[in-house]
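Participant: starting from these lines, generate the structure:
(chains A and B)
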Amino acid sequence: MGMDSLIGGTIWDEYSNKVTELMNNPKNMGEITEEEAEAMGAKLIVADFGAESCGDAVRLYWAVDPKTDVILESKFKSFGCGTAIASSDTMAELCKGKTVDEAVKITNIDVEKAMRDEPDTPAVPPQKMHCSVMAYDVIKKAAAQYKGVDIDSFEEEIIVCECARVSLSTLREVIRLNDLTTVEQITDYTKAGAFCKSCIKPGGHEEKDIYLVDLLEEYEKEKISKAADATASGADVPFKEMTIVQKIKAVDKIIDDNIRQMLIMDGGDMEILDIKDNGENIDIYIRYLGACNGCASASTGTLFAIENTLKEKLDPNIRVLPI
Amino acid sequence: MRVYLDNNATTIVDPHVFAEMEPFFVQRYGNPNSLHSFASETHPALKTAMEKIYAGIHAPKEDSVVITSCATESNNWVLKSIYFEQILTGKKNHIVVSEVEHPSVIATAKFIESMGCRVTYLPINHEGLIEPDTLREVITDKTALVSIMWANNETGAIFPVYEIGEICAEYGIPFHTDAVQAIGKVPVDVQSMNVDYLTFSAHKFHGPKGVGALYIKKGRELTPLLHGGSQMGGYRSGTLNVPGIVGMGKAMEAAVDALDFEMSDIREMRDAFEDELLKIKDTFVVTPREKRTPNTTLISFRGIEGEAMLWDLNRAGIAASTGSACASEDLEANSVMEAIGAAEDLAHTAIRFSLSRYTTQEELDYTLDAVKQAVERLRNISSSYAYAPEGHESGLDAHH
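Facilitator: Numbers count the residues shown, from 1 in each chain, chains lettered A, B, ... in the order given. Below is the predicted model:
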């Protein structure tokens, strides 16, 4: 929390001078008509993104030179708050003179940075970052129209936090590598969730397919599942003290990991029939299958290999008895 | 010119109120609960103030009016106390609130819901009003409390608290009303109705900030929210805010005196102002005037996002409000507009103008000009306005 968070203030105080200026006097506000585009020898693109019901909607006009793919003119109209208008204006400005392929690389972060007065001071308060996201999305929409492709083709990865542009794969990796358990930790590591907060849980400004809380839950389940597997296989429990089911699972896993592949390559296999405590010894009864059945080394080399591996990995008192 | 039309958020302190409070900061500053003359010289003023506060809501002496720090505290206190006494002990399991209560009720209801209480959020109709019969449908023998505001802060809609009180009495359920927007705007008389708890706050009727109150009918005891001292009869510990209580007393007296003016002159000014606003194309108001507090207009300007309008008005020196989207942390649409079922494209377009007895005609004329200029500029920027089809269904009616 801290002192700065205790009293708060108007979010307008956190707008940069550039945002304020653009809100009051947007430079690229307006339309491009078919006639105007034609006069430039350009193709007119009109793309809409957002909806009034969400509180933000933007319309982007491009006049694109069809020979060079260069955006000759770029204008916007916007239903939105001050930052939405300023972001849209900046976005339209950044598009000018770029090719369509260059324009789709403009991100909401670029838009926000272009509106900063000082390089290290954000242009808008965190909860307003979503306004620049819309400016980013409408570029993709316009480019998709121009190229006649699906908007998703510009998105290589699934983005969970649009404001900070953090992808699903990055989040999954960071959560696992650092054993993160809270949204605050995710935000500290990745900045995801630091801005408009829509990606944290359902009920925010934008609906998402997956939220940060879902990823934490997914990781939690994964950990529980791994722990359950470990318990079922008897990890951490001495082999001799395992239940019969745990012993069979543990032996099977060792066979799978170290032996079975070798047997299968020779056209054979094996199965566990029973495991019995016999005084100091633990007797494992097995049956050879396929080519192993009747093979000369099944009672010598192969058997020793199986027995030694199990002795080494599970218990020195194991004896393997083929039936 | 600076114009303040955000009186449902807070009000200017009446200079007479301030004058009455002033001596209690540097001259008569004793702790009223001490045993010396510094303490006792505060008592007459405290007694007078409490008498004025009681008189302001027609509370009988045997009932309690407990001074708190704000209406939020009073609202929290009622709901949490009901939780401690009724829900936690397993006697009851359910409360009813309206879906457009102030966040201090809604958030507290959600909190106790997370602790196991069942909560019904009563809907409002297309005029922004509660229909009493909907209450009958949700009450059960396990209902521990009904909490419905007297007047809505956004629309000014006056809820049928008399009928709601009657229904609660019929079923023997305690009734709480958040009357923050009612004091000084409509007559409030706790003896003329069935009400068990009633919340109000001084800064909404030209008193100081930081002074709230909760009326508690005799026999409807509550568990204190703050423990530790014996102030306010043990109901609300903490050294008494003497200047604040004195201020609330004076402000209450002045509000009652000005009630007729509020209900006639201010209402007339508001109505004329609203008539002019509604002459602007594609504007909509929600609740019919006769069912609203006299000072409030919540009006939608199609094609203009609320904060963008506030921005332009603020540049012109005008203070208004929007409960919608971008002006707040949560970025959600105006909850009242959504609850009414207004067309989705209007949910983010509402602006609230709230007048007071200090509002002048000159200020309203100036505001009207500024609104017209802002509408023109912002609709010109708007990506949606020019494209809205003629006769587009709003979900709202224009009320004249």
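
Participant: going forward, measure contacts between C-alpha atoms and count neighbours the same way
Facilitator: OK.

Participant: look up phi and psi at the residue lying closest to residue B:236 once chain neighbours are set aside.
Facilitator: With Cα to Cα, 6 or more residues apart in numbering or on different chains as the criterion, residue B:236 has its nearest non-adjacent residue at 5.7 Å, and that residue is residue B:226. Dihedral pair for residue B:226: phi -110, psi 120, per degrees, to the nearest 10.

Participant: ditto for residue B:66
Facilitator: Dihedral angles (degrees, to the nearest 10) for residue B:66: phi -100, psi 130.

Participant: how near is it to residue A:166?
Facilitator: The gap separating residue B:66 from residue A:166 is 51 Å, by Cα to Cα, to the nearest Å.

Participant: low pLDDT regions in chain A?
Facilitator: Across chain A, the ranges flagged by pLDDT under 70 are A:1, A:54, A:205, A:231-235.

Participant: which parts of it sit against chain B?
Facilitator: Counting by Cα under 8 Å from any Cα of the partner chain, chain A comes close to chain B at A:11, A:29-30, A:51-59, A:76-82, A:127-128, A:204-205.

Participant: again, only this time at 7 Å
Facilitator: Within chain A, the residues that sit near chain B (Cα under 7 Å from any Cα of the partner chain) are A:29-30, A:52-53, A:55, A:57-59, A:77-82, A:127, A:205.

Participant: what's around residue B:119, how many residues?
Facilitator: Residue B:119 has 21 neighbours, counted by other Cα atoms under 10 Å in any protein chain shown.

Participant: okay, and it sits in which element?
Facilitator: Using DSSP states H and E, residue B:119 falls within strand B:118-122.

Participant: same check on residue B:137?
Facilitator: Following DSSP H and E, one finds residue B:137 within helix B:132-138.

Participant: what do you get for residue A:306?
Facilitator: helix A:301-313.

Participant: name the nearest residue to residue A:42, ignoring sequence neighbours.
Facilitator: Using Cα to Cα, 6+ apart and skipping the chain neighbours, the partner closest in space to residue A:42 is residue A:65 (4.6 Å).

Participant: you'd agree the one you found is up against residue A:44?
Facilitator: No: between residue A:65 and residue A:44 there is no contact under Cα atoms under 7 Å: 9.2 Å.

Participant: so which of the two has more stuff around it?
Facilitator: Between residue A:65 and residue A:44, counted using other Cα under 10 Å, residue A:44 has the larger neighbour count: 24 against 20.

Participant: and the more buried one, which of the three is it?
Facilitator: Under DSSP: H, G, I helix; E, B strand; the rest coil, the three-state class of residue A:44 is strand.

Participant: and it, what does it touch?
Facilitator: By Cα atoms under 7 Å, 6 or more residues apart in numbering or on different chains, the contact list for residue A:44 reads A:34, A:37, A:62, A:63, A:64.

Participant: distance check, it against residue A:37.
Facilitator: Going from residue A:44 to residue A:37 by Cα to Cα gives 6 Å.

Participant: give me the common contacts of the two.
Facilitator: Common contacts of residue A:44 and residue A:37 (Cα under 7 Å, 6+ apart): residue A:63.

Participant: sorry, back to before: the strand holding residue B:119 pairs with which strands?
Facilitator: Strand B:118-122 has the following strand partners under DSSP bridges: strand B:94-98 (parallel).

Participant: now the strand it pairs with: how far from the chain's centre is it?
Facilitator: Relative to its parent chain, strand B:94-98 has a centroid offset of 18 Å by Cα atoms, centre = their mean, to the nearest Å.

Participant: where exactly do the helices run in chain B?
Facilitator: Using DSSP state H, the helices found in chain B span residues B:15-21, B:23-26, B:37-40, B:43-56, B:71-82, B:103-114, B:132-138, B:161-171, B:242-257, B:259-261, B:267-278, B:306-315, B:335-340, B:361-381.

Participant: quick one: average confidence on the fourth one?
Facilitator: Think helix B:43-56. Averaged over helix B:43-56, pLDDT sits at 97.

Participant: same thing with the longest one?
Facilitator: Averaging pLDDT along helix B:361-381 gives 96.

Participant: kindly report the same for stretch B:155-175.
Facilitator: Mean predicted confidence for stretch B:155-175 is 97.

Participant: name the residues of it that come out as buried.
Facilitator: Buried positions in stretch B:155-175, judged by neighbour count with 16 or more other Cα atoms under 10 Å in any protein chain shown: B:155-161, B:164-169, B:173-175.

Participant: with stretch B:180-198 instead?
Facilitator: Buried residues in stretch B:180-198, counted by 16+ other Cα under 10 Å: B:180-186, B:188-190, B:194-198.

Participant: what of stretch B:300-317?
Facilitator: Neighbour counts over stretch B:300-317 (16+ other Cα under 10 Å) mark B:300-313, B:316 as buried.

Participant: from the chain's centroid, how far away is it?
Facilitator: When distances are taken as Cα atoms, centre = their mean, stretch B:300-317 is centred 23 Å away from the chain's centroid.

Participant: send the alpha carbons of that stretch over as PDB?
Facilitator: Extracted in PDB, the C-alpha atoms of stretch B:300-317 (Å, rounded to 0.1, in the frame of the first residue of the first chain):
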ATOM      1  CA  SER B 300     -27.200  10.700 -21.100                       C
ATOM      2  CA  PHE B 301     -25.700  12.200 -24.200                       C
ATOM      3  CA  ARG B 302     -25.700   9.600 -26.900                       C
ATOM      4  CA  GLY B 303     -22.300   9.200 -28.600                       C
ATOM      5  CA  ILE B 304     -20.300  10.800 -25.800                       C
ATOM      6  CA  GLU B 305     -18.400   8.800 -23.200                       C
ATOM      7  CA  GLY B 306     -19.000  10.200 -19.700                       C
ATOM      8  CA  GLU B 307     -15.500  11.000 -18.700                       C
ATOM      9  CA  ALA B 308     -14.800  12.800 -22.000                       C
ATOM     10  CA  MET B 309     -17.800  15.000 -21.200                       C
ATOM     11  CA  LEU B 310     -16.600  15.600 -17.600                       C
ATOM     12  CA  TRP B 311     -13.200  16.500 -19.000                       C
ATOM     13  CA  ASP B 312     -14.600  19.300 -21.200                       C
ATOM     14  CA  LEU B 313     -16.900  20.500 -18.400                       C
ATOM     15  CA  ASN B 314     -13.900  20.600 -16.000                       C
ATOM     16  CA  ARG B 315     -12.000  22.700 -18.500                       C
ATOM     17  CA  ALA B 316     -14.900  25.100 -18.400                       C
ATOM     18  CA  GLY B 317     -14.700  25.100 -14.600                       C
END
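
Participant: please name the residues that touch residue A:140.
Facilitator: Here residue A:140 is in contact with A:104, A:151, A:154 (Cα under 7 Å, 6+ apart).

Participant: state whether it is indeed within a strand.
Facilitator: No: Residue A:140 is assigned helix when assessed by three-state DSSP, not a strand.

Participant: circling back: nearest to residue A:139, of the buried residues of stretch B:180-198?
Facilitator: Nearest to residue A:139 among the buried residues of stretch B:180-198: residue B:181, at 45.9 Å, using Cα to Cα.

Participant: for the closest one, what are its contacts?
Facilitator: The neighbourhood of residue B:181, defined by Cα under 7 Å, 6+ apart, consists of B:8, B:151, B:152, B:153.

Participant: need the phi and psi values for the first one.
Facilitator: Summarising the backbone geometry of residue B:8 under the convention degrees, to the nearest 10, its torsions are phi -80, psi -10.

Participant: same check, this time on residue B:155
Facilitator: phi -90, psi -20.

Participant: excluding chain neighbours, what is closest to it?
Facilitator: Nearest non-adjacent residue to residue B:155, counting by Cα to Cα, 6+ apart: residue B:298, 5.3 Å away.

Participant: do I have it right that that neighbour meets residue B:285?
Facilitator: Yes: counting by Cα under 7 Å, residue B:285 is a contact partner of residue B:298 at 5.9 Å.
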